[in-house]
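Asks: Take a look and give me a structure for this.
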Amino acid sequence: MKKIFNKKNILIGLYALFISFICLSVASKNSFLYPFNDWVDANAFFTVGKSMMHGIVPYRDLFEQKGPLLYLIYGIGSLISFKSFLGIFILEVLFWTVALIYLYKILKLFLSTRVSLLILPIFMSLIVTTRAFTHGGSAEEFCVPFFFITLYYFIKHFKVKELTKKEMLLNGVIAGFILLIKYTLLGFWFGFTLAIFIDYIMQKDYKKAIIYPLVLLLGMFIPFAIFLIYFAINHAVGDFFYNYFWVNITAYGGEKINIFTRINKMFVGFFGALYNNMACYIILLCAPILIWKLDLKLRGKILLLVTLIITIVGVYVGLKFYRYYLLFILFFLGIGLLCLFNLLNKYIVKLNKWYYPLIVVVVLISGFNAYYNSNNKAYFEIKKEDLFQYKFANIISEEENPSIVNMGFLDSGTYTLAGIYPSTYFFQKQNIKYEYFPDILDSFEEYIKNGETMFIVYYTLLDEEKLKEEENDLFLNYDLIMSEQQDFEEFHMYGYLFKVKST
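Replies: Alright, predicted model coming up:
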């Protein structure tokens with residue numbers, strides 16, 4: 001404990017905390033500087049998370065498709081701040097702080113302390129200004145400390161000393177966390193395990209080659225087993241497997257194409273997404289070349305690049321290219337910056353009295369870049385009272401025991417601001433085509449006909465005239481009491497608030 005909490009480590013931890021706080025304050029919509037995080041995904045996570053804290057069981061009582069650990073994280077955030085994302089912002093800062101600490105530990109394996117400290121704000125500033133960062137609070141973000149912890153042990157194994165069984169077990173537990181947040185990101189841990197396996201095979205240590213992957217699987221099962229117990233107690237094991245695994249795998253109607261076409265589309269999509277983040281594009285393209293100059297075992301270098309490729313495949317194998325998918329792969333920017341600064345290390349260590357002014361300037365520029373090039377900078381100018389989510393929430397809150405369902409699109413945020421738990425199993429429209437999973441829209445039709453909820457929030461691209469053509473029963477059974485046009489990302493969205501007609 002004395003070694004961990006010595007003065008130097010505490011100062012580095014505070015430095016990482018400061019960088020995370022500054023960059024996320026201006027770049028993440030969860031920040032107290034923003035009126036609201038209107039990202040539909042974050043609101044869906046928040047709705048399920050706070051419901052989980054209220055005794056509502058994910059998958060059994062609410063239909064959603066991310067992992068239960070992500071909902072638990074959001075649930076903890078809701079305990080800090082129930083009607084805002086302040087709690088999520090605090091957790092976001094803490095998760096990134098841990099990530100930066102472990103990135104620093106990786107950098108220190110190759111570079112001086114001075115150079116390592118310079119890289120942290122540059123890395124953070126680049127990440128939060130990419131299109132992949134989106135709004136703040138993605139599943140990928142809450143995987144960031146786990147990525148860097150495992151990456152640290154990966155590189156340590158090939159540079160300093162071989163992993164112990166305890167360290168392999170720890171990384172197994174971490175892989176279990178990823179399984180319970182977003183299992184499509186597990187490609188990185190598959191690559192990590194494969195690298196360890198191949199390394200021991202090359203050393204002809206066949207015993208460790210077999211035992212170490214099994215130890216990782218054991219560690220991976222530990223958090224999974226804890227959640228299985230939770231679902232078993234709540235009679236929801238089948239719902240968990242059906243919603244989180246089966247529906248995710250089968251309901252999106254993936255293209256039936258040969259393996260070579262799929263690989264081509266994966267990497268075309270990846271480089272296309274990367275091209276939209278030019279600074280990251282340059283750094284990641286340079287990294288495979290410059291990595292050969294690192295003081296690392298040759299097979300460690302090769303297997304690190306193989307792991308990057310496996311990670312890309314894991315993320316894009318489903319041929320979905322939502323812009324936030326790239327974020328997890330962009331965590332490898334830490335290695336790219338390591339490779340670039342490895343060339344500058346000997347010059348920076350000689351700066352002496354100019355080093356401290358330099359690091360102050362780098363931190364200031366990084367903070368300014370995080371603000372100036374933020375995806376969300378324009379949202380600073382929005383006032384709370386101008387957002388339909390606040391207007392709808394104020395109307396809904398005037399009623400005694402109100403209930404709502406969100407139709408048309410993913411969670412618009414009204415559940416969050418109204419402080420309401422969903423009362424219907426399908427509480428939002430998912431990005432699933434009707435022909436692959438008709439249950440959601442069929443259930444919405446029943447909700448409308450039966451007047452299931454007091455209010456319906458309809459969030460859509462359709463103007464009122466087109467909505468009437470699409471949803472005739474909605475206008476027959478509910479009164480439209482407010483409508484607002486509001487931009488979301490590059491879309492011109494409409495928010496409609498309907499109230500059930502009195503009988």
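Asks: contacting residues around T184?
Replies: T184 sits next to G314, V315, V317, G318 when contact means CB atoms under 8 Å, 6 or more residues apart in numbering. For the C-beta atoms, the positions are set from N, CA and C on the backbone; glycine is no exception.
Asks: Only the buried residues of stretch 275-283, if you could.
Replies: Using 16 or more other CB atoms under 10 Å as the burial criterion, the residues of stretch 275-283 that qualify are N277, C280, I283.
Asks: cool, stretch 348-357 as well?
Replies: Buried residues in stretch 348-357, defined by neighbour count with 16+ other CB under 10 Å: I348, Y355.
Asks: for stretch 223-239, same thing?
Replies: P223, F224, F227, Y230, F231, N234, A236, V237, D239.
Asks: go on, stretch 337-347?
Replies: Across stretch 337-347, burial judged by 16+ other CB under 10 Å covers L337, L338, C339, L340, F341, N342, N345.
Asks: Sort out for me which of those residues are in helices.
Replies: L337, L338, C339, L340, F341, N342, N345 (DSSP state H).
Asks: Test my guess that the last one contacts L111.
Replies: Yes. Taking CB atoms under 8 Å as the contact criterion, N345 and L111 are neighbours in contact, 5.1 Å apart.
Asks: Now list the buried members of the contacts of T184.
Replies: G314, V315, G318.
Asks: with those in mind, which one is nearest to V26?
Replies: The nearest member of the buried ones among the contacts of T184 to V26, counting by CB to CB, is V315 at 27.0 Å.
Asks: Quick check, pLDDT for N352.
Replies: Per-residue pLDDT puts N352 at 74.
Asks: typed the wrong thing, it's I4
Replies: pLDDT, I4: 62.
Asks: ok, now T503?
Replies: Predicted confidence (pLDDT) for T503: 62.
Asks: show me where the stretch 101-250 of the chain has helices.
Replies: Applying DSSP state H, counting those that start in this stretch to the stretch 101-250 of the chain gives helices spanning 113-128, 144-159, 165-179, 187-202, 206-233, 237-240, 248-250.
Asks: ok, residues contacting stretch 467-480?
Replies: Stretch 467-480 has contacts (CB under 8 Å, 6+ apart) with 445, 448-449, 451, 456, 458, 460, 462, 464, 494, 496-501.
Asks: how about the buried residues of stretch 275-283 in JSON lines, adding secondary structure?
Replies: Compiled in JSON lines, the buried residues of stretch 275-283 are given as follows (DSSP: H, G, I helix; E, B strand; the rest coil):
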{"residue": "N277", "secondary structure": "coil"}
{"residue": "C280", "secondary structure": "helix"}
{"residue": "I283", "secondary structure": "helix"}
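Asks: Give the single residue among the buried residues of stretch 337-347 positioned nearest to F368.
Replies: Using CB to CB, the buried residues of stretch 337-347 come closest to F368 at L337, 18.6 Å.
Asks: sorry, back to before: between the buried residues of stretch 275-283, which sits nearest G419?
Replies: N277 (36.6 Å).
Asks: ok, for that closest one, nearest residue in space, not its chain neighbours?
Replies: Once flanking residues are discounted, N277 sits nearest to T130: 4.4 Å by CB to CB, 6 or more residues apart in numbering.
Asks: which residues of the protein fall in strands?
Replies: Secondary structure of the chain (DSSP state E): strands at 404-407, 455-460, 478-488, 491-500.
Asks: Can you say which of these is packed in most?
Replies: The highest mean neighbour count among the strands of the chain, using mean count of other CB atoms under 10 Å, belongs to strand 404-407: a mean of 26.
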